[in-house]
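Novice: give the three-dimensional model of this entry:
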Amino acid sequence: MNYSVLRALMIGNALEYYDFFLYSFFVSILSPLFFPASDPLTALMMGFGVFAVGFVARPIGALVFGHWGDRYGRKKALFGTLILMAMSTIGIGLLPSYEGIGLVAPVLLVIFRLLQGFAAGGEVNGAAVFGLEKTETRKRGIAGALIISSAGIGAIMATSMGALFTHGIMPDWAWRVPFCLGGFVAFVGLYLRRALDESEIKHPVTVPLFDVIQNHPIAFLKAIGVGGFLHVPFYIIVGYMNPTLHAEGVITGFELMIMNMLVTLVGVLVIPLLGYVSDKLGQGRVMSWGAMGQMALALPVLMVYTEGNLFPILLVQMMLLMFAEAFIAPSNAFLNTLFPPECRYTGVAFGSCFGTALFGGTTPLICSHLAKNIGPLWGPSLYLMGMALVGFVALREWKPRLALARKPV
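Specialist: Numbering: from 1, shown residues only. From the prediction side, this is the model:
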């Protein structure tokens, strides 16, 4: 394993996801500044809409940077993701409010958030593709897991900054500091990545996306399935369960932030361990166990959640997370086996991000809708079980000839 390459990719990835997640922790502050409305809830909903925009842009960014990385080199594409994320984050930090420049303010906020999502779409899968191509096969599970866990480190950093700069003793403009600081610090990632050796693509294709669709359609569907389920458990917990508990008065805002940080911290610590285990037992096998475990736990977890007792809820969330991380940890190594080098960046990044945008990013909204129409127990439970089944099916070998496409390169 090339530790200098892995370190540069992890630090850059952590900084990029720090920038991306900042908005979610400051949305309640930014909403009235950029979307003034007589009803504060209306302004907040507009702010949440801008948050969702970032996820919509991710598949587009994955497609563009994937094409760039497959045609002209992974290093160049990963430089582009960091530069774009840094500039858009600084832009949010320096952006005047609605009171200062009128309608231009919310328009620019939407544009900057779109650019953040665009950059994020090309980063995490691109970093994994680049890093795993420079890692021996027997260590690709843990290498891919470490790159995933670095995104969690970025989220924890963003959570900490959110807790600090939303404190009552801070001035009204203090929210700008984490955005400007995060944008400038992202250039540290550029400095670390400058020394990386570019990947050599021996047989580049003119349009990698066409190659993916024409020659690797099953692999592409598998990438969508894995990406679709990959983040569903996390968003059920931090995007649906915990905010609903807060809205119902079961937990305070401080407890909400602590619970979300704990969930993320568990992932950061457990994912590398499970990545190591997958190198010994096989990526597909560990991911299958993770999917089946979540199918089995979905109903019990939601039963405890509907009871509204905090400690049992936290306990079952941790149990669900263990199986969720078992699916997540080996995912980079598994996805990288699906495509040959000439279209790997595009196939992995676009397929995974498309699945995440379609199913993962919409999880809180879907679960809220199902809870209202079917019930708070069965609605979200059925969604989690259904998506776990999608993830499980995506791991299966659908045709014998796929074995050739999955040989390590």
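Novice: how is the protein carved up into domains?
Specialist: Split into domains by automatic domain parsing, the chain comes to 1-194, 206-409.
Novice: now do the contacts for the spatially most central residue of the chain.
Specialist: In the chain, the centroid-proximal residue (CA atoms, centre = their mean) is His231; its distance is 7.0 Å. By CB atoms under 8 Å, 6 or more residues apart in numbering, the contact set of His231 is 356, 360-361, 363. Just so you know, the C-beta spots here come from the backbone N, C-alpha and C atoms, and that holds for glycine as well.
Novice: for Pro376, same thing?
Specialist: By CB under 8 Å, 6+ apart, Pro376 lies in contact with 302, 305-306.
Novice: please report how far the closest residue to Val226 other than its chain neighbours lies from Lys222.
Specialist: The shortest distance from Val226 to any non-neighbouring residue, by CB to CB, 6 or more residues apart in numbering, is to Ala394 (4.9 Å). In this view, Ala394 and Lys222 are 5 Å apart by CB to CB, to the nearest Å.
Novice: equivalent analysis for Pro59, please.
Specialist: Pro59 sits 16 Å away from Lys222, going by CB to CB.
Novice: same check on Ala105?
Specialist: To Lys222, Ala105 is 42 Å away according to CB to CB.
Novice: more neighbours: those two, which one.
Specialist: The neighbour comparison of Ala105 against Lys222 (other CB atoms under 10 Å) goes to Lys222, with 25 against 19.
Novice: per-residue pLDDT, that one?
Specialist: With respect to pLDDT, Lys222 has a value of 96.
Novice: who's in contact with it?
Specialist: Lys222 is in contact with 338, 351, 394-395, 398, counting by CB under 8 Å, 6+ apart.
Novice: with Met319 instead?
Specialist: Neighbours of Met319 in contact, by CB under 8 Å, 6+ apart: 297, 301.
Novice: helix or strand: which one has it?
Specialist: Secondary structure assignment for Met319, by DSSP states H and E: helix 310-328.
Novice: then Ala219?
Specialist: helix 217-230.
Novice: now do the buried residues in that helix.
Specialist: Using 16 or more other CB atoms under 10 Å as the test for burial, helix 217-230 gives 219-230.
Novice: tell me the angle that helix makes with helix 310-328.
Specialist: Relative orientation of helix 217-230 versus helix 310-328 (axes from the mean of the first three to the mean of the last three CA atoms, to 10 degrees): 160 degrees.
Novice: what lies in contact with stretch 124-137?
Specialist: Under the criterion CB under 8 Å, 6+ apart, residues 1-2, 5-6, 9, 12-13, 16-17, 62, 65-66, 69, 74-75, 77-78, 81, 140, 143-144, 147-148, 151, 196-197, 199, 332-333, 335-336, 341, 344-345, 348-349, 352-353, 408-409 lie in contact with stretch 124-137.
Novice: can I have the buried ones of the residues you listed as a PyMOL selection?
Specialist: PyMOL command restricting the contacts of stretch 124-137 to the buried ones, with burial defined by 16+ other CB under 10 Å:
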select buried, resi 5+6+9+12+13+16+17+62+65+66+69+74+75+77+78+81+140+143+144+147+148+151+196+199+332+333+335+336+341+344+345+348+349+352+353
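Novice: among the contacts of stretch 124-137, which lie within helices?
Specialist: Among the contacts of stretch 124-137, the members falling in helices (DSSP state H) are 5-6, 9, 12-13, 16-17, 62, 65-66, 69, 74-75, 77-78, 81, 140, 143-144, 147-148, 151, 332-333, 335-336, 344-345, 348-349, 352-353.
Novice: got any ranges where this protein has weak pLDDT?
Specialist: 1-2, 24-25, 28, 37-45, 47-48, 51, 166-167, 253, 398-409 (pLDDT under 70).
Novice: circling back: would you turn the contacts of His231 into CSV with distance to Gly379?
Specialist: Shown next, in CSV, are the contacts of His231 (distance: CB to CB, whole Å):
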residue, distance to Gly379
Thr356, 21
Gly360, 17
Gly361, 18
Thr363, 12
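Novice: among the contacts of Lys222, which are in strands?
Specialist: With strands taken from DSSP state E, there is no overlap with these.
Novice: which one of these has the most neighbours?
Specialist: Going by other CB under 10 Å, Gly351 tops the contacts of Lys222 with 29 neighbours.
Novice: quick one: that one from Tyr72, how far?
Specialist: 20 Å.
Novice: only alpha carbons, please: show the helix holding Ala219 as CSV.
Specialist: C-alpha atoms of helix 217-230 as CSV (Å, rounded to 0.1, in the frame of the first residue of the first chain):
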residue,chain,number,x,y,z
PRO,A,217,-24.6,-2.4,-18.7
ILE,A,218,-24.9,-5.0,-15.9
ALA,A,219,-21.9,-3.6,-14.1
PHE,A,220,-23.5,-0.2,-14.4
LEU,A,221,-26.8,-1.4,-12.9
LYS,A,222,-24.8,-3.1,-10.1
ALA,A,223,-23.0,0.2,-9.3
ILE,A,224,-26.4,2.0,-9.2
GLY,A,225,-27.8,-0.6,-6.8
VAL,A,226,-24.8,-0.5,-4.5
GLY,A,227,-24.7,3.3,-4.5
GLY,A,228,-28.5,3.4,-4.0
PHE,A,229,-28.4,1.4,-0.8
LEU,A,230,-25.0,2.6,0.4
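Novice: hmm, His203 is touching Cys343, no?
Specialist: No: with contact defined as CB atoms under 8 Å, His203 does not reach Cys343; the gap is 10.1 Å.
Novice: so Val56 is in which element?
Specialist: Per DSSP H and E: Val56 is located in helix 40-72.
Novice: Arg396 and Met387, how far apart?
Specialist: Taking CB to CB, one finds Arg396 at 16 Å from Met387.
Novice: do Asp211 as well
Specialist: Asp211 is 28 Å from Met387, where distance means CB to CB.
Novice: those two: which has the busier surroundings?
Specialist: Neighbour totals were compared for Asp211 and Met387, and Met387 leads with 27 against 19 (other CB under 10 Å).
Novice: helix or strand for that one, which one?
Specialist: Going by DSSP H and E, Met387 is in helix 378-394.
Novice: what comes up buried for that helix?
Specialist: So helix 378-394, judged by 16+ other CB under 10 Å, has buried residues 379-385, 387-392, 394.
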